[in-house]
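Show me how the following folds:
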Amino acid sequence: MIKILHNPRCSKSRAAVTLLEEKGVEFEIIKYLDDVLTPDELTTVIDKLGITPLELIRKNEEVYKMEFEDKELSDEEWVLAMLEYPRLIERPIVINGDKAVIGRPTEAIETIL
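Below is the predicted model:
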């Protein structure tokens, strides 16, 4: 089943949900700000995206600017930072089996449906 890491306050995330609904696919919403992922779950998502943890960081977030902007962290440390501050995680993320995409732009989601 398709899963979406979703933040209901984010317009791009809401657009991703709408796209999935319009396509008629079944999907599970994971509100990652409320239901924080485990380190293994987040690492698996990053692997499916084919990126580094740093590439998943939202660098415009205030917490990034205040806590992390000038720091060089290991991949493991970035994963732990995202788990401590889930707002750092780029969104939305749509997962379909062993593939995942960041839904920016929303049309990127169609590549894994």
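
helices or strands up against the helix ranked longest in the chain?
Secondary structure of the chain read by DSSP state H shows that its longest helix is helix 11-23. Using 3 or more Cβ pairs under 8 Å, 6 or more residues apart in numbering; DSSP states H and E, the elements in contact with helix 11-23 are strand 2-5. Every residue, glycine included, has its C-beta placed from N, CA and C.

Quick check: mean pLDDT of the strand it packs on?
Mean pLDDT, strand 2-5: 98.

Could you list every helix and strand that that strand packs against?
On a contact count with 3+ Cβ pairs under 8 Å, 6+ apart, strand 2-5 meets helix 11-23, strand 27-30, strand 93-96.

How about the longest helix of the chain, which residues are buried there?
The neighbour-count check on helix 11-23 (16 or more other Cβ atoms under 10 Å) flags 13, 15-17, 19-20 as buried.
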